[in-house]
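Engineer: Pasted the sequence and its predicted model underneath.
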Amino acid sequence: MTAILRIGLCLGIASVLLARTAQSDSPTVHSLDDFPGATLIYISDYFPFIGQDHQGHVAFALDNSRGRDGDTYQAEHLVLLHDDRQGWVELEGSGRYDNSGKQLKTIPQSPFFRFAGMPYTGMTIVSENNRLSLKMSPIVRRTRTRHDGAVVSMGTAQAVLAWNGRTIPGRVTYESFMMPNVNRLTHTYWDMWNEYQGFYLRMGLDGDLYFHSQKSERLSPLMGFRDGFMALHSESDVMKDMNVEVLGRELAWGFYRWPTAWRVTWTAPKGPAVVILKQLSRTSIGNWAVGGFSMAVVAGELEYEGEKRPVYGLVELIM
């Protein structure tokens, strides 16, 4: 679950990840109401999209963060895009922007991205600067966890990315996060991440697969050390007895190594499941010698119910 304060470690490096938007059954709205006097609040809405057209795969991720620190309000985007043919494509919009409107429950509009609608009823994100729009069907909630006031909610839906003259059908994952008494936009939290690996994957044409592995004791009460879900034929399945095995690593610019291949096993309602993944490409976002933050594109295969399904998607790595 890559949402939760993802880059409190980055020491101000242009980073962000996650987000969240308001609506009647939104866990963010209810949780904010529960903490009217909290000096620090952090909220995020994260939208990783995986799609494919006749020109190949496109992976797009937009994280929208905002927070309150006393009387001041902050907002930030992180935007990434990978195309099979062009590789990592530089888009405009990553970084801090004005939140003088003091918006927390909804994503503040920015000079680079405009938001219409709400995730659970249908939403559209438009960026004229990047010649890009993402139109999402209503999100189907898959998981929701709470601990000590913090809330993480995840869901998936069909979506269409319009970019650079192309119309690319695919799937979007929506990860929302709210935490009181924390604000990674104004504070650094060194103990927040330890070997975090968050996988946002598409199976075939209409399946979703998400899981994470991490070693932070601070985050484990909220998100566990390993957790995830699989959605096939519009039904959500829990993942029991999950094991994430790193099969390969490569050197990093510091005292750590990036994982590059994985074997993940779990028990699903209809029997054992295994997915083998290999990194295709990776882009570095932050490095602080003893750790780093990057995003990778991966491909592989899921074996389940006697069938094999192709898998493609994004992996968020915070070492």
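Structural biologist: Done, it's in.
Engineer: quick one: the strands in the stretch 101-250 of the chain?
Structural biologist: For the stretch 101-250 of the chain, applying DSSP state E, counting those that start in this stretch gives strands covering 114-118, 122-127, 132-136, 140-147, 150-163, 166-180, 196-203, 207-213, 226-232, 235-238, 240-251.
Engineer: Beta-bridge partners for Asn287, please?
Structural biologist: Beta-bridge pairing of Asn287 under DSSP bridges involves Gly292.
Engineer: circling back: quickly, which of the strands of the stretch 101-250 of the chain bottoms out on average pLDDT?
Structural biologist: Among those, strand 235-238 carries the lowest mean pLDDT, at a mean of 88.
Engineer: Report the distance from that one to the chain centre.
Structural biologist: Centroid displacement of strand 235-238 relative to its chain, using Cα atoms, centre = their mean, to the nearest Å, is 19 Å.
Engineer: Can you mark which positions in it are buried?
Structural biologist: By neighbour count on 16 or more other Cβ atoms under 10 Å, the buried set for strand 235-238 is 236-237. In this view, the C-beta of every residue, glycine as well, is placed from N, C-alpha and C.
Engineer: picking up where we left off before, which of the strands of the stretch 101-250 of the chain sits most buried?
Structural biologist: strand 196-203 (a mean of 25; mean count of other Cβ atoms under 10 Å).
Engineer: helices or strands next to that strand in the packing?
Structural biologist: On a contact count with 3 or more Cβ pairs under 8 Å, 6 or more residues apart in numbering; DSSP states H and E, strand 196-203 meets strand 40-53, strand 166-180, strand 207-213, strand 226-232, strand 257-268, strand 271-287, strand 292-304, strand 307-318.
Engineer: Output the last one as CSV, restricted to C-alpha atoms.
Structural biologist: Listed in CSV are the C-alpha atoms of strand 307-318, where the atom choice follows Å, rounded to 0.1, in the frame of the first residue of the first chain:
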residue,chain,number,x,y,z
GLU,A,307,-4.8,-21.0,-15.8
LYS,A,308,-2.1,-18.6,-16.6
ARG,A,309,-2.8,-14.9,-17.0
PRO,A,310,-0.4,-12.1,-18.2
VAL,A,311,0.4,-9.5,-15.6
TYR,A,312,1.7,-5.9,-16.1
GLY,A,313,2.0,-2.9,-13.9
LEU,A,314,3.9,-0.6,-11.5
VAL,A,315,5.9,-1.3,-8.4
GLU,A,316,6.7,1.4,-5.9
LEU,A,317,10.0,0.9,-4.1
ILE,A,318,11.0,2.7,-0.9
